[in-house]
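Compute the structure for the input listed below.
(chains A and B)
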Protein chains: 2
Amino acid sequence: MRALRTVEWLADTPDSPVPGRVRLIDQTRLPGELVWLETADVDAIWKAIQTLQVRGAPAIGIAAAMGAAAAAQTADETDSAPVLAALHAAADYLATSRPTAVNLFWALARMRAVGETNRALPPRALKTRLVREAIAIRDEDAAMCRAIGRHGATLLHDGDTVLTHCNAGGLAAAEFGTALAPIYTAHAVGLRVSVIADETRPLLQGSRLTAWELRQAGIPVTVICDNMAAQVMHEGRVALVFVGADRIAANGDAANKIGTYGVAILAQAHGIPFYVLAPTSTIDPATPDGAAIPIEQRAVEEITHGFGRATAPDGVAVYAPAFDVTPARLIAGIVCEHGILCPPFAAAIAALKH
Amino acid sequence: MRALRTVEWLADTPDSPVPGRVRLIDQTRLPGELVWLETADVDAIWKAIQTLQVRGAPAIGIAAAMGAAAAAQTADETDSAPVLAALHAAADYLATSRPTAVNLFWALARMRAVGETNRALPPRALKTRLVREAIAIRDEDAAMCRAIGRHGATLLHDGDTVLTHCNAGGLAAAEFGTALAPIYTAHAVGLRVSVIADETRPLLQGSRLTAWELRQAGIPVTVICDNMAAQVMHEGRVALVFVGADRIAANGDAANKIGTYGVAILAQAHGIPFYVLAPTSTIDPATPDGAAIPIEQRAVEEITHGFGRATAPDGVAVYAPAFDVTPARLIAGIVCEHGILCPPFAAAIAALKH
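Presented below is the predicted three-dimensional model:
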């Protein structure tokens, strides 16, 4: 199975990564069309992040790192100073594209640090080093997702159907994603697995993105409205639930896309195990529990004008939490790149972080 | 508070109901515009039912009865035979507009029976009798909804917020509806009550219709996506859940719009009482339990192309149950026009039906 290449670096010359450009799937055109954006222009990459052409925390970090490297490669080669100046200017600028994206800041800081550490290199070698660092960020993400896939696949049996919510798949990362990684892994080794994808209102990442990427991979997927999850569970159609996470607290409480908490309650009511799949970087030991995770509100128009026309009365009140928190007691296991953490999560997380 | 007049008869002359015409709210134009359809043309009424300009079982029955009466009023007055012929022809035709709507058949059968019983009347008096019967069907529905409202309002306290799913409100009936009737009743006597309306995918009856009619009445309403119900319950924002029903089995299991069952599980998980509000005509003693209620599938396009554009990949598999069944164990009470039935429902229903 050919893995989805959501964000990658394309070199213009076969023997060197520099010069080159970023190539990414324009996710705003999905599921209608598969359109690639290829650019070395930092403005275009800023816009791609800002307008959700690329989305998902790991994918945003990779795109930003590659964008900073692309900006640096155009600098004057008289000295390393112009290369570093271009790097820092691009990083400052790209950091403004999605102000709340933690991976964005992390990836840009890593690029800056690599630039400073290697400032003694000749300018051309410094440019190459920066591009290699951006590619390394991508490759590390791909490897981490594959590790999650290997561990998570041990939970799957031939014929299993997994219900998932939102998109924590390859489109959110370099290749395999997190919640979908075990599905890809199991499929690659010949297990017959299928997926039920909640459409995931308001932005429909489930029906637009999860359904699209699984179909690209030839994995059977069925779309349902979010409010049908209880019924498909009742009918015995769901073996397990796999979801991603935006942040996991020290006690195992997990914040994820709005609706995840409800799915966890429904899974428990039907005796279906519910797993959270995320890299250890998602676990924040400084957050004691879910009550400490702030719940952002999203724009009202996503609900009232979601499908291209008004679906609610003008001026109606709307409550639009972006995330919810699934308490640790509803989670059967947390699948990370090191293995599967089991309850009690506080102890497992503390051990992992030491 | 002025009650919503979803379907009514408008007489052309002040002293007699005949001649006259049907007036109904065109629900396909909501929530954008409030447009009334006024017609005595049976084709227009057939089309109104078929295209969901009028929807909700009681409202469909009323519209069909009035449509049959309107058709009869145009008949030649030489004799009662042409009046009855026009009545039966219209009833035959109107019965084809929504083939699965039980209230439609019930209302048309009642109109035919009244026509036959009164065939000895002079033609003009027979026409008047038919129109009066259609108006009586409407008035009985309004009275029944008001009785449900009175009983259900005893469950409400000042400041309560009720979560509801779909639209079992005035737009589905003559005036007050079922699930929303206690809200209107409580509001009319000065209690401050508010509503959280699940948008109710795929057809969004909650955001389009429930939110619209409550705003018309000046009752605070907040729209949420279906997948936010668990979060608003967790935040303590919901005192009770009120929903309608399409059919209630002899043991109290209740079929209603897809998503209702999930809401019932979430309510139980948060200790929130969940009530079903429906007339006793909805209770079917011949259906022993929910397992005997068939679950229809809806059209795939309602999910993949909901509101004017594609939101899922072409050709993707979709599972689209129209209804689900909430088991009696999750229901705190069934509010009908005679009072509030309490568990065990099998005994309460058997007593009621005797």
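
What separation do you get for the closest residue to A:Arg112 other than its chain neighbours and A:Val54?
Among residues not flanking A:Arg112 along the chain, A:Ala91 sits closest, at 5.6 Å (C-beta to C-beta, 6 or more residues apart in numbering or on different chains). Any C-beta I mention is one placed from the backbone N, CA and C, and that applies to glycine too. In this view, A:Ala91 and A:Val54 are 17 Å apart by C-beta to C-beta, to the nearest Å.

okay but A:Trp36 is in contact with A:Arg21, surely?
No. With contact defined as C-beta atoms under 8 Å, A:Trp36 does not reach A:Arg21; the gap is 10.9 Å.

quick one: which of these two has more around it?
Taking neighbours as other C-beta atoms under 10 Å in any protein chain shown, A:Trp36 and A:Arg21 compare with A:Arg21 leading, 19 against 12.

partner residues bridging the more buried one?
For A:Arg21, the beta-bridge partners are A:Leu10 (DSSP bridges).

Next, work out how far apart it and chain B are.
Going from A:Arg21 to chain B by C-beta to the nearest C-beta, to the nearest Å gives 28 Å.

do the same with A:Thr74
Distance from A:Thr74 to chain B, by C-beta to the nearest C-beta: 38 Å.

next one: A:Ala322
The gap separating A:Ala322 from chain B is 10 Å, by C-beta to the nearest C-beta.

cool, and A:Ile137?
From A:Ile137 across to chain B, the span is 29 Å (C-beta to the nearest C-beta).

tell me, how many neighbours does A:Leu214 end up with?
25.

pretty sure A:Ala348 contacts A:Ile340?
No. In this structure A:Ala348 lies outside contact range of A:Ile340 using C-beta under 8 Å: 9.3 Å.

now the helices: where do they sit in chain A?
All helices of chain A, identified by DSSP state H, fall at A:42-50, A:57-72, A:80-94, A:102-117, A:123-153, A:181-188, A:205, A:211-216, A:229-234, A:260-269, A:301-304, A:345-353.

ranking those helices by burial, who's on top?
Neighbour counts (mean count of other C-beta atoms under 10 Å in any protein chain shown) averaged over each of the helices of chain A peak at helix A:57-72, with a mean of 29.

Span of stretch A:152-161 from start to end?
In stretch A:152-161, first residue to last residue: 14 Å (C-alpha to C-alpha, to the nearest Å).

now it: how far from the chain's centre is it?
The chain centre lies 22 Å from the centre of stretch A:152-161; the measure is C-alpha atoms, centre = their mean, to the nearest Å.

ok, now stretch A:172-181?
Taking the mean of its C-alpha atoms, stretch A:172-181 sits 7 Å from the chain's own mean (C-alpha atoms, centre = their mean).

Likewise for stretch A:319-335?
Worked out by C-alpha atoms, centre = their mean, stretch A:319-335 lies 16 Å from the chain centre.

Near chain B, which residues of the stretch 1-150 of chain A are found?
Residues of the stretch 1-150 of chain A found near chain B (C-beta under 8 Å from any C-beta of the partner chain) are A:Pro31, A:Gly32.

backbone phi and psi for A:Gly218, please?
phi 80, psi 20 (degrees, to the nearest 10).

For A:Asp253, give me its contacts.
Residues in contact with A:Asp253 (C-beta atoms under 8 Å, 6 or more residues apart in numbering or on different chains) are A:Asp289, A:Gly290, A:Ala291, A:Ile293, A:Val325, A:Thr326, A:Pro327, A:Ala328.

Go again with 10 Å.
A:Asp253 sits next to A:245, A:247, A:261, A:276, A:287-293, A:325-331, A:345 when contact means C-beta atoms under 10 Å, 6 or more residues apart in numbering or on different chains.

what's the spacing between the nearest residue to A:Phe105 once chain neighbours are set aside and A:Glu116?
In space, and not counting its chain neighbours, A:Phe105 is closest to A:Ala95: 6.2 Å by C-beta to C-beta, 6+ apart. Distance of A:Ala95 to A:Glu116, computed by C-beta to C-beta: 16 Å.

go on, A:Cys336?
Separation of A:Cys336 from A:Glu116 (C-beta to C-beta): 31 Å.

How about A:Gly61?
Distance, A:Gly61 to A:Glu116, by C-beta to C-beta: 19 Å.

do the same with A:Thr304
For A:Thr304, the distance to A:Glu116 equals 48 Å [C-beta to C-beta].

Spatially nearest residue to A:Leu214 (excluding sequence neighbours)?
Counting by C-beta to C-beta, 6+ apart, the nearest residue to A:Leu214 once its immediate chain neighbours are dropped is A:Val221, at 4.1 Å.

A:Thr161 bridge partners, please.
On the basis of DSSP bridges, A:Thr161 is bridged to A:Ser194.

neighbours of it, just the number please.
If you count neighbours by other C-beta under 10 Å, A:Thr161 ends up with 19.

Name the residue most distant from the centre of chain A?
In terms of distance from the mean C-alpha position of chain A, A:Thr78 ranks first, at 38.7 Å (C-alpha atoms, centre = their mean).

Do I have it right that it meets A:Arg124?
No. A:Thr78 is beyond contact range of A:Arg124, at 11.1 Å (criterion: C-beta atoms under 10 Å).

Send me stretch A:235-251 as PDB with only the CA atoms.
Extracted in PDB, the C-alpha atoms of stretch A:235-251 (Å, rounded to 0.1, in the frame of the first residue of the first chain):
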ATOM      1  CA  GLU A 235     -26.700  -3.100  15.900                       C
ATOM      2  CA  GLY A 236     -23.300  -4.700  16.800                       C
ATOM      3  CA  ARG A 237     -21.500  -3.100  13.900                       C
ATOM      4  CA  VAL A 238     -18.600  -1.700  15.900                       C
ATOM      5  CA  ALA A 239     -15.800  -3.700  17.500                       C
ATOM      6  CA  LEU A 240     -13.700  -0.800  18.800                       C
ATOM      7  CA  VAL A 241     -13.500   3.000  18.800                       C
ATOM      8  CA  PHE A 242     -10.200   4.700  17.800                       C
ATOM      9  CA  VAL A 243      -9.800   8.500  18.200                       C
ATOM     10  CA  GLY A 244      -7.000  10.900  18.300                       C
ATOM     11  CA  ALA A 245      -6.300  13.600  20.900                       C
ATOM     12  CA  ASP A 246      -5.300  17.200  21.100                       C
ATOM     13  CA  ARG A 247      -4.000  17.100  24.600                       C
ATOM     14  CA  ILE A 248      -3.800  14.300  27.200                       C
ATOM     15  CA  ALA A 249      -3.700  15.300  30.900                       C
ATOM     16  CA  ALA A 250      -1.400  13.600  33.500                       C
ATOM     17  CA  ASN A 251      -4.400  11.500  34.700                       C
END
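
got the buried residues for that stretch?
Across stretch A:235-251, burial judged by 16 or more other C-beta atoms under 10 Å in any protein chain shown covers A:238-251.

any idea which of these is closest to chain B?
Among the buried residues of stretch A:235-251, A:Val238 lies closest to chain B (C-beta to the nearest C-beta), at 11.2 Å.

Once you drop chain neighbours, what's closest to the closest one?
Once flanking residues are discounted, A:Val238 sits nearest to A:Leu163: 4.6 Å by C-beta to C-beta, 6+ apart.

Run a quick neighbour tally on that neighbour.
By other C-beta under 10 Å, 25 other residues sit near A:Leu163.

Which residues are in contact with it?
Applying C-beta under 10 Å, 6+ apart to A:Leu163 gives the contacts A:195-198, A:222, A:224, A:229, A:232-233, A:237-243, A:263, A:266-267, A:272, A:274.

What residues of stretch A:275-288 count as buried?
A:Tyr275, A:Val276, A:Leu277, A:Ala278, A:Pro279, A:Ser281, A:Thr282, A:Ile283, A:Asp284, A:Thr287.

Pull the most distant pair out of the residues you listed.
For those, the farthest-apart pair by C-beta to C-beta is A:Tyr275 and A:Thr287; their separation is 20.1 Å.
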